[in-house]
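*Asks:* here is a sequence with its predicted model. Questions after.
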Amino acid sequence: MFENMIDIHPEVKEALESGKPVVALESTIISHGMPYPQNVETAREVERIIREQGVVPATIAILKGRIKVGLNDEELEYLGQAKGVVKASRRDLPFVVSMKKDGATTVAATMICAELAGIKIFVTGGIGGVHRGAQETFDISADLTELGQTSVAVICAGAKSILDIGLTLEHLETLGVPVVGYQTDELPAFYTRKSGFGVDYRVESPKEMAEALDAKWSLGLKGGVVIANPIPEAYQMDYDVITNAIESALKEADSLGIRGKESTPFLLAKVKELTGGNSLESNIQLVFNNARIGAQIALEYWKLQA
């Protein structure tokens, strides 16, 4: 029914049909997360890292109303420079498609499109969550709801440190979403390896993680899994520096009345400015690290299915 709305890249289609491992990638990091040309360069390097592990990458976006599962080089370049690209979550998908618009998929929308295509593993930077002050604004990312109902595993560097991490974990618990630490007992906080909050379970290897995913979905337990993979130690930011930058950015966003889906791009850009660009380099490196581990997990999951 939905097949006439989706274009699956030939490389991705061949992999899916022959039972080879595929990893989904989001596109908001390209259109809303980084400036050009770093956004396109990072996206290409992420795809290269995944291929290096023997896995096929599938960057997901919406171009002129067509859901694209896997972008060619020309499409990637276009998305990296295009203006007016909609930051598309679940609520936006039908309108971006029907109105023939360009859309960059968030974690939630990427999970939806990945599941439609039959992809079970998805790599991103960090998940959205409960925003600070949500007890007044009710600002909670649709990423969390999607994790509760869509059966795709999300490899990330934890929850973005601009969020209320404690409440984000509480919300995920309510939705029945396991939060798993990859070789860590503590949930990483995007730019740093520490958050002060524990994870539900710890795994030591891609094989152990793949076995848990296989058990979950084989039991008919719908929904996703958060696989929290800490940023490499060499690239993590000083805790006090990043905390002060986030606090300053949050105050400015509040004074400007910035809310909803516009808040994350604003806050990340402001933190980058306040840290002299260091946060952008950390962001890039954590995505590379997630791509490597995510591809290894996808490969082990594929072996179990084969």
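*Replies:* All right, it came through fine.
*Asks:* any idea how far the lengthiest helix in the chain is from the chain center?
*Replies:* Assignment by DSSP state H gives helix 278-305 as the longest helix of the chain. Centroid separation for helix 278-305 versus its chain: 11 Å, with CA atoms, centre = their mean, to the nearest Å.
*Asks:* state the mean pLDDT of that helix.
*Replies:* Helix 278-305 comes out with an average pLDDT of 94.
*Asks:* in it, what's buried?
*Replies:* For helix 278-305, the neighbour count (16 or more other CB atoms under 10 Å) marks 278-280, 282-302 as buried. C-beta: built from backbone N, CA, C; applies to glycine.
*Asks:* and that helix, what other elements does it pack with?
*Replies:* strand 22-25, helix 38-52, strand 121-123, strand 153-156, helix 206-218, strand 225-228, helix 263-274 (3 or more CB pairs under 8 Å, 6 or more residues apart in numbering; DSSP states H and E).
*Asks:* relative to E173, which of the ones you listed is closest?
*Replies:* strand 225-228 (11.1 Å; CB to CB).
*Asks:* for the closest one, packing partners?
*Replies:* Partner elements for strand 225-228 (3+ CB pairs under 8 Å, 6+ apart): strand 153-156, strand 179-182, helix 206-218, helix 278-305.
*Asks:* pipe these into TSV and attach distance to L71 per row.
*Replies:* What follows is the helices and strands packed on strand 225-228, written out as TSV (distance: least, CB to CB, whole Å):
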stretch	distance to L71
strand 153-156	20
strand 179-182	27
helix 206-218	25
helix 278-305	15
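*Asks:* T59: which of the ones you listed is closest?
*Replies:* Among those, helix 278-305 sits nearest to T59 (CB to CB), with 11.2 Å.
*Asks:* what about this protein, which residue is the most distant from its middle?
*Replies:* S255 (28.1 Å; CA atoms, centre = their mean).
*Asks:* ok, so what distance separates that one from Y301?
*Replies:* 46 Å (CB to CB, to the nearest Å).
*Asks:* lowest confidence element among the helices and strands of the chain?
*Replies:* helix 134-137 (a mean of 72; mean pLDDT, DSSP states H and E).
*Asks:* pLDDT below threshold where in this protein?
*Replies:* Applying pLDDT under 70 to the chain flags residues 1, 260-261, 277.
*Asks:* any idea which strand is longest in it?
*Replies:* Secondary structure of the chain per DSSP state E: the longest strand is strand 56-63.
*Asks:* immediately after that one, which helix or strand?
*Replies:* Where DSSP states H and E defines the elements, the next helix or strand beyond strand 56-63 is strand 66-69.
*Asks:* what sits against G19?
*Replies:* W302, Q305, A306 (CB atoms under 8 Å, 6 or more residues apart in numbering).
*Asks:* dump these to TSV, plus distance to E115.
*Replies:* Formatted as TSV, these follow (distance: CB to CB, whole Å):
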residue	distance to E115
W302	16
Q305	15
A306	20
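*Asks:* out of those, which one sits closest to Q149?
*Replies:* Of the contacts of G19, the one sitting nearest to Q149 (CB to CB) turns out to be Q305, at 21.9 Å.
*Asks:* list the contacts of that closest one.
*Replies:* Contacts of Q305 by CB under 8 Å, 6+ apart are G19, D214.
*Asks:* thinking again about what came up before, packing partners of the longest strand of the chain?
*Replies:* Against strand 56-63 (3+ CB pairs under 8 Å, 6+ apart) you get helix 10-18, strand 22-25, helix 38-52, strand 66-69, helix 73-81, helix 93-98, strand 103-105, helix 107-117.
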